[in-house]
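> fold the stuff below for me.
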Amino acid sequence: MALKKVGGTAPAPTATTAERFTPEYFAGLGRSAAQGISFGTADEIEAFVRSLVGEETYKQKRDKIRAGLEKFRSDFPVEAYGTEIAASVPSGVGLAGLLARLGIKGAMKQAGAGGALYGAGAAEEMEDVPVSSALGGALGVGGEALAPVVSRQAQALGKKIPLTVGQYFPGMKRAEEALTSMPFVGGGIRAQQERGMKAFPVFMYNRALKPLGIELPKNTEPRVAFSKAKSIFDQKYKQALDGVEVDVSDDLLDDLSKIVTTAKQEVGDAGLKKGADFENMVIRQVLGRAKDGKLSGEAIQDIQKKIGAEAMRFGKSTDPIDDKIATAYSDLDIGMMDLIAKYSPAKKELLQKTNKAYSQFVPLRSAAAKGYEGQFTPAQAMSAVRSEERKAGAAGLSRLAAGEGRMQKPIELAQRIIGPSLPDSGTAGRMLTGAALYGGGGALVGAPGGMSTEGAMLGLAGGMLGRGATTRGGQAFLKRLAIPAAAAGLRAPATAGLLAQQVGPMIPQAQAGGNIVGYETVTDRQGNPVTFAKTSDGRAVRVR
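Now for the predicted structure:
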C-alpha cells in the first residue's frame, strides 16, 4: 500500500544515493512484485503473518513494511513502480478471465473492476477504501480507453505489408498524420507509408494466386511481381492444356460468338470499326489455328497469349473506346478458358483453379497497366474491380454492393488500413526539413535568432531521435515492444490503483479551494488519529 506523510511539512531530502544490488534492494524488488501480484495487499498479508510469530503488533509490522516499501520507491522509483505494475499484469489477466466466467465481459468493465480492486487494496486505512476503490475503477477504465490497441485486421495485414505505427494502432493514426508535417519525422513517416504502398501490388497478386497455392516474396518489386505472376499463369495453363484437344464444334463457336456480340454491343456505333476488328481477330485466331477441326493445347495457349497482349495494349490507351476493347479482350481471355474447361473435362479441376486465380488477376492487370512502373494503389485497384464487375450488369452491381466483387474485400481492407492512395510527394516537408537542418547547423555555429547553442543541439538531437523512430528498426521496436509495453502498463491494475493514491489527497485541496500548506494530526474522542489539511486561506479540511 502507498504510505503518505500525515505530519507537518516534509523534511528536506538528503543528498545520499542508495546503492543497487544490495540485499535491501532485492528485498524491495520482491516486495514491489508481491504488491503487484496481490492487488496492493502484500504489505498487510506480510504484517499479519509476522505479527503471529513476533512481539510487535500487526499495525507496527505493517507500518514498518510500508516505510521500507516507500523508501524503496523513493530511492528507485523506476524499478519499484515498474516492477509493481508489471507484476500486476498477470493478476489482471487472471481477474479478467474470472470476471468473464462470471458473466462480466468487455475490456472496459474488466479494467474498471481491476482498478477498483487494486485501489481498495492500496488504500491506507479501511475508511479510505470507498474513495480509493472508486478512483481506481475510474482510472482503470480511463487506462483501458487510452491504451493503444492493434486491430486483428491490421495485425494480419502487417504480416504481408509493412505498416506504420499509426496504421498498426488505429487509435494513433491521427497523431501520426499530424506528425507528417513536421521536419525530420514527417519524411520518415512518409517513407514508411510509401513502403507499404509499394508492397500492396505484391499482396494483391498473392491473393489472386491463392487458389493455386503459390505466393510471391513480399519484398518483390511491383513490376517484377507482375511478370512473375504472368509467368505462373503461363506455366499453369501450359500444364493444364498439355495434351488437350478441343473440337471446334458449333457449340464452341456459338459460345465464342456470344462473347464477341456482347463486346460489340459495349463499344456501340462509335467503336463499330474496332468492334469489327475484334471479331475478325477472334475468327482468325480460333479458326486459323484449328487443324482437322481441333484446337491443340499449344494452339489454345498461343491464342491466350495473343489475347492477353491485346488487352494490355488497348488498356494503356486513354481513348474510352480502346478501354472498352481492352475489356472485351479481357472477357474473351477468361471466357475462352472457361469454355476449354467445359469442352475438355479431362483437366477440368486444374483449369478451373487456374481460371479462378486468373479472373482475380485480370482487374489487377488493368490497374498495373495504368500505374507507374507496375505500382498501383488500392484506389486504382478498386476502380479496376468496379470496371470489371459492371460488365456483368445487374449481377456485377449486386456483387459490388454486397462487397463480393472480385478482389473487393482485400482491397477494401487495405484501403481502411493503409489508405486509398499514395501519400503526397512531401515537397513541402522536404523544404521544412532542409530549413531545419540548415538552421540547426547555423545555430550550432553562431546561435542565430536568439537560439542558444544548447537549444539548437537539443532540437537537432530531438529531430534525429524522431527520425530514428521512423526507420524500419525504429518502427519494429515501437510496434513490437515499446507501444505494447506502454499499453500493458496503462491497462495494469496497479497503474490505476497507484494513481488513485496520488489523486486521492488532491481532492481535499480541490474542495478547500486553496493550496495545502501542511497537515495536522489530532486525536478524536475515541482515541483515533484524525488528519486535517491546512490551506493557504486559513481553513482546515479533514483528510482522514
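> need the contact list for Ser132.
119-120, 122-123, 497, 500-501, 504 (C-beta atoms under 8 Å, 6 or more residues apart in numbering). (C-beta placed from N, C-alpha, C; glycine too.)
> so it sits in a helix?
Yes - counting by DSSP: H, G, I helix; E, B strand; the rest coil, Ser132 falls inside a helix.
> if I look at it, how far off is Thr318?
Distance of Ser132 to Thr318, given as C-beta to C-beta, to the nearest Å: 70 Å.
> repeat that for Gln153.
Distance from Gln153 to Thr318, by C-beta to C-beta: 36 Å.
> which one's more surrounded, these two?
Higher neighbour count among Gln153 and Thr318: Gln153, with 13 against 7, using other C-beta atoms under 10 Å.
> surely the more buried one and Ile417 touch.
Yes - in this structure, Gln153 is within contact of Ile417 by C-beta atoms under 8 Å, at 6.7 Å.
> ranges for the strands of this structure?
Here the chain has its strands, by DSSP state E, at 245-247, 294-296, 516-523, 529-535, 540-542.
> now the second one: average pLDDT?
With pLDDT averaged residue by residue, strand 294-296 scores 85.
> buried residues in it, which are they?
295-296 (16 or more other C-beta atoms under 10 Å).
> now do it: which elements does it pack against?
With contacts taken as 3 or more C-beta pairs under 8 Å, 6 or more residues apart in numbering; DSSP states H and E, strand 294-296 sits against strand 245-247.
> and the strand it packs on, which strands flank it?
Take DSSP bridges as the rule and strand 245-247 pairs in its sheet with strand 294-296 (antiparallel).
> distance from the partner strand to the middle of the chain?
52 Å (C-alpha atoms, centre = their mean, to the nearest Å).
> what is the mean pLDDT for stretch 265-284?
Here the average pLDDT along stretch 265-284 is 81.
> show me what counts as buried in that stretch.
Buried-residue list, stretch 265-284, by 16+ other C-beta under 10 Å: 266-267, 271, 274-275, 278-279, 281-282.
> from those, pick the one nearest Arg472.
Using C-beta to C-beta, Glu266 is the member of these that lies nearest Arg472, at 46.5 Å.
> neighbours around the residue nearest to the closest one when sequence neighbours are not counted, how many?
Spatial nearest neighbour of Glu266, excluding adjacent residues (C-beta to C-beta, 6 or more residues apart in numbering): Lys324 at 5.1 Å. Residues lying near Lys324 (other C-beta under 10 Å) number 22.
> any figure for the gap between Lys324 and Arg390?
11 Å.
> now do Pro363
11 Å.
> looking only at neighbour counts, state which of the two leads.
Using other C-beta under 10 Å as the criterion, Pro363 and Arg390 rank with Pro363 on top: 27 against 13.
> what pLDDT does the closest residue to that one other than its chain neighbours get?
Take Pro363 and drop its neighbours on the chain: the residue closest to it by C-beta to C-beta, 6+ apart is Ala384, 4.1 Å away. Per-residue pLDDT puts Ala384 at 90.
> does Ala384 touch Gly371 like I think?
No - using C-beta under 8 Å, Ala384 is not in contact with Gly371; the gap is 9.9 Å.
> more crowded one of the two?
More crowded of Ala384 and Gly371, by other C-beta under 10 Å: Ala384, with 25 against 18.
> contacts only, for the more buried one.
Ala384 neighbours (C-beta under 8 Å, 6+ apart): 363-364, 366-367, 370.
> repeat that with 7 Å
363, 366-367 (C-beta atoms under 7 Å, 6 or more residues apart in numbering).
> where does confidence bottom out across those?
Lowest confidence among the contacts of Ala384: Ser366, with 86.
> ok, it to Ala311 distance?
Distance of Ser366 to Ala311, computed by C-beta to C-beta: 8 Å.
> show me which of these two is the more surrounded one.
Higher neighbour count among Ser366 and Ala311: Ser366, with 25 against 22, using other C-beta under 10 Å.
> which residue is the nearest non-sequential neighbour of the more buried one?
Ala384 (4.2 Å).
> likewise Leu135?
In space, Leu135 is closest to Ala500, 3.8 Å off (C-beta to C-beta, 6+ apart).
> any idea how far the one you found is from Gly114?
Ala500 is 12 Å from Gly114, by C-beta to C-beta.
> if you count surrounding residues, which of those two has more?
The neighbour count for Ala500 versus Gly114, taken as other C-beta under 10 Å, is higher for Gly114 (32 against 29).
> surely that one and Ser91 touch.
No - using C-beta atoms under 7 Å, Gly114 is not in contact with Ser91; the gap is 8.1 Å.
> overlap of the contact sets of those two?
Common contacts of Gly114 and Ser91, defined by C-beta under 7 Å, 6+ apart, comprise Pro493.
> who's in contact with the closest residue to Ile307 other than its chain neighbours?
Among residues not flanking Ile307 along the chain, Asp333 sits closest, at 4.7 Å (C-beta to C-beta, 6+ apart). When contacts are counted by C-beta under 7 Å, 6+ apart, Asp333 touches 304, 307-308, 311.
> go on, Ala87?
Ala87 touches 33, 36-37, counting by C-beta under 7 Å, 6+ apart.
> pLDDT score for it?
91.
> for Ala122, see how far away the residue nearest to it when sequence neighbours are not counted is.
By the measure of C-beta to C-beta, 6+ apart, the closest residue to Ala87 outside its immediate chain neighbours is Gly36, 2.9 Å from it. Separation of Gly36 from Ala122 (C-beta to C-beta): 11 Å.
> same question, Lys347
From Lys347 across to Ala122, the span is 72 Å (C-beta to C-beta).
> more neighbours, the two?
Ranked by neighbour count (other C-beta under 10 Å), Lys347 and Ala122 place Ala122 first, with 29 against 18.
> my read: the more buried one touches Gln501, true?
Yes - with contact defined as C-beta under 7 Å, Ala122 and Gln501 form a contacting pair (5.5 Å).
> contacting residues for Asn355?
334, 337-338, 341.
> pull the helix or strand with minimum mean pLDDT from this protein.
helix 427-446 (a mean of 43; mean pLDDT, DSSP states H and E).
> show the pLDDT at the closest residue in space to Glu44 that isn't next to it in sequence.
Take Glu44 and drop its neighbours on the chain: the residue closest to it by C-beta to C-beta, 6+ apart is Arg62, 6.1 Å away. As predicted, Arg62 sits at a pLDDT of 90.
> contact partners for Arg62?
For Arg62, the contacting residues are 43-44, 47, by C-beta under 7 Å, 6+ apart.
> over to Ala290?
Val248.
> residue numbering should commence at 27 henceforth.
OK, 27 is where the count begins now, so the last one is Ala316.
> go ahead and name everything in contact with stretch 210-229.
Stretch 210-229 is contacted from outside by 186-190, 193, 202, 205-206, 242, 244, 246, 248, 251, 394, 400-404, 440, 444, 448-449, 452, 455-456, 459, 462, 489, 492-493, 496-497, 501, using C-beta under 7 Å, 6+ apart.
> mind listing what's buried in it?
By neighbour count on 16+ other C-beta under 10 Å, the buried set for stretch 210-229 is 210-219, 221-229.
> cheers, nothing more for now.
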